[in-house]
Each structure stands twice: as C-alpha cells, then as structure tokens.
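Student: need a 3D model of the following:
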Amino acid sequence: MKSDQETYTINRPRWQHLCVTILLAIAFTVSLPYIAQAQEQVRNPTANTSDSTLVKSLSGFDNGYATVNGVRLHYVSGGEGAPLVLLPGHPETWWGYHKVMLALAKSFRVIVVDIRGMGSSEKSAGGYDKKTMARDIYELIRQLGYEKVNIAGHDIGAMVAFSFAANHPEATAKLALLDVAHPDDSFYDIKMLPEEGKFGKTVDAAHPVYLWWFAFHQVEGLPEKLLAGDGMRLYINWLFNYLLNDPTKIDSRDLAVYGNAYSNPEAIRAGHAWYKAFPRDISDAKTYKKLEMPVLGLGAEFQGYQFLRVVEPKATNFRLVKIENSGHFILIEQPDVISRLLINFFK
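Tutor: Okay, here's the model as predicted:
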C-alpha cells in the first residue's frame, strides 16, 4: 500500500555536499528572526539542566542507569502499574516526555529511556540502526525484570519502538507511534527540493513539511563541522520553531536542556548516526513480519498524520488518530490530549 501523501526524494551522494550546504543556508535564512531568539533562549549559563535537577521537578521519579547490549543507558522511572516504556526522539531527551509523565504514572510504571546516543546515555561508536537500538531496550526491560511491556516512541524513538515490536513481539503488549513511522522505501522518495512557494517558516496546509535535514545528516563529516560551537543550538531552535504549531509552547529552560544535551561533538555525531542508519533500517524493515499486537498512531494534522498511514499494511490492528492544533512535537503542544489517548489505549 502506498501512502497518498506527497512524496519526497533523498538526493544521491554526489550531490549531497553541495545541496545540503545550500539547504542549510536557505533554512537559516528563512528563519533569521529566530536566530537572535535562539541565542537569547539557549545561552543560559545559569540554567541547571542536569538529570538530577530535572527529575526533582517530577515527584516520584528517579534516575537510573543500566549497561545492556554493550552500551550504558540512562533512564528515568516512576509510578505504579504495568510497565510503559517511552522513547524520545531528535532533538530531545527523556525530558521530552516531562509534560505527560506525571499523568501516565498514575496508571503505569513509566520508564523513559535516553536511547543510545541521547542525553546521558553512552555515545557508542556504532549500533545506531534501529534493530540494534531495539535490542538495547529489550535487554533493558529484561534487566529491570519485565517479560512484556507497553511501548511508545516519538520521532526517532518511534522508529526504535516499531523495531522493538517487530523484533521482540513476545515482549510487546501494545505499541504507540507518535508522529513518525519506521523507515521504509518511501524514504527514498523524499524530495530534495520543495515546490515553489511551498517551504514556509512553519508547517501548515499550504506549506507541507520539508525534511531537508534527512539528507543533511547523511553527509559524512560536514554537518558536524557546520554545527560546532553554537551551530547545534541554533539548529535545534530552528527545528522547534519550524515544526511547532505554536513555538511559544516551548520555553527557554527546555531549549537549554536540549541545547546542552546535543552541543558537544560526540552528541552531534551520535544524533547524526540515527539518520545515517536509515538505509540499513529500510533493509531490515523488509524482513519484518506484520505486527499482530494493537498499534496506535498519533499524528499531527499537517505532519505525522500523513506519514503514519504507511503503518496500516504493516499491522493487523492499527488505529490512527489525528492530533489537531499541533505540529510535530505533539507531547509539547497537546500533552493532555496525548496523555488521555495513551492511558485509554494502554490500560
């Protein structure tokens, strides 16, 4: 089944260095008003964004660490009930779920994991294909004493969650995918250039999402150099301004959390590695059987709702819900709606 959404194409390697440099310049030029804002918001040396400080704001939650599958993972857990594993995406950390964690903890034992390469988890040399990262999570839940879990993921985390369900169905009770599907052949159809007048300062009905950074992250070596120093902080701020329906929903502390988490060379390298693994992920997906556990897709009106339609032929029991008045970061813009939908689905 082919999605009815507009398709896009990732360019071939011989054009990548030139095209992505031009695309980065275009993207930053379009969002020049946000550059100064970024510098004000994320350059906050007084902001304590350590995990120990952040977790204190979430009553009943604690930090934990575990070495599994050859990598040391950081996670935050709290609450009582059936285990619910939450996986964040780029450019966030476990903190990306902080607006829903307390609500979910009333019904579940919530375990939010910094996936391989993220936040306080180890930035390993390799292992960023989603099958290996799913194995990380599988070994983690086993170490924590669970045979079967509910699992949800957003963005890159959704890709890992899907791979977890595909590779470890015996350990998966239910699966929720937030705004992103696992890489498949449709990724090769992502356009390098937007149509005239279609690339706006934000995403809406007239300006479909333009995923230029998918190609940007494929280039070897150049992105790390371009994003060094304050480059990564500016890039993160641009992504939130572009992909949020209402950019005021994210505050300076949140931006500082993510800016501090990603603005060192190893974190930049690891974040790029999630995207560089897409071709491997696409090949792996061709070997996966149809998912038989219940699967819920939650997609933003003009973003993930269209992309998640590709999941329908890959699951026997799939339900897709449109999240209105929100951009890609649905956990930031509609936390009450997402909490309610996840509780009703997983209970």
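
Student: now the helices: where do they sit in the stretch 1-150 of the chain?
Tutor: With DSSP state H, counting those that start in this stretch as the criterion, the stretch 1-150 of the chain has helices at 13-30, 32-42, 51-55, 98-105, 130-143.

Student: nearest residue to Ile156 in space, please, no chain neighbours.
Tutor: Nearest residue to Ile156, sequence neighbours excluded (C-beta to C-beta, 6 or more residues apart in numbering): Gly89, at 4.1 Å. To be clear about C-beta, it is placed using only N, CA and C from the backbone, and glycine gets the same treatment.

Student: in contact with the one you found, which residues?
Tutor: Counting by C-beta atoms under 8 Å, 6 or more residues apart in numbering, Gly89 makes contact with 96, 153-158, 180.

Student: one more pass at 10 Å, please.
Tutor: By C-beta atoms under 10 Å, 6 or more residues apart in numbering, the residues touching Gly89 are 96, 115, 118, 153-160, 178-180, 274, 328-329, 331.

Student: from those, which land in helices?
Tutor: In this view, the contacts of Gly89 that belong to helices under DSSP state H are 156-160, 274, 331.

Student: what's the closest of these to Leu54?
Tutor: Leu331 (15.2 Å; C-beta to C-beta).

Student: what's around that closest one, how many residues?
Tutor: By other C-beta atoms under 10 Å, 28 other residues sit near Leu331.

Student: that one contacts Tyr97, correct?
Tutor: Yes - between Leu331 and Tyr97 there is a contact at 6.1 Å, judged by C-beta atoms under 10 Å.

Student: if we can go back for a sec, any chance of TSV for the ones in helices among the contacts of Gly89, columns pLDDT and distance to Pro169?
Tutor: TSV is the format used below for the ones in helices among the contacts of Gly89 (pLDDT from 0 to 100; distance: C-beta to C-beta, whole Å):
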residue	pLDDT	distance to Pro169
Ile156	98	21
Gly157	98	19
Ala158	98	17
Met159	98	17
Val160	99	15
Trp274	98	23
Leu331	98	26
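
Student: before we move on, back to that, distance of the residue nearest to Ile156 relative to Ala105?
Tutor: 21 Å (C-beta to C-beta, to the nearest Å).

Student: for Phe240, same thing?
Tutor: Look at Phe240 and Ala105: by C-beta to C-beta, they are 26 Å apart.

Student: higher neighbour count, those two?
Tutor: Higher neighbour count among Phe240 and Ala105: Phe240, with 23 against 20, using other C-beta under 10 Å.

Student: give the contact list for that one.
Tutor: Applying C-beta under 10 Å, 6+ apart, the residues near Phe240 are 34, 38, 41, 91-92, 247, 249-250, 254-255, 258, 327-329, 332.

Student: in those residues, which has the lowest confidence score?
Tutor: Scanning these for pLDDT, the low point is Gln41. It has 45.

Student: for the spatially closest residue to Arg280 that is not a sequence neighbour, give me phi and psi.
Tutor: Ranked by C-beta to C-beta, 6+ apart and with sequence neighbours excluded, the top spatial neighbour of Arg280 is Asp129, at 4.4 Å. Note on Asp129: backbone dihedrals following degrees, to the nearest 10 are phi -70, psi 150.

Student: about what we covered before: what touches both of Leu331 and Tyr97?
Tutor: 86, 88, 152, 154, 178, 338.

Student: and the fifth one, how many neighbours?
Tutor: The local packing count at Leu178 equals 32, with neighbours defined by other C-beta under 10 Å.

Student: done for today, thanks.
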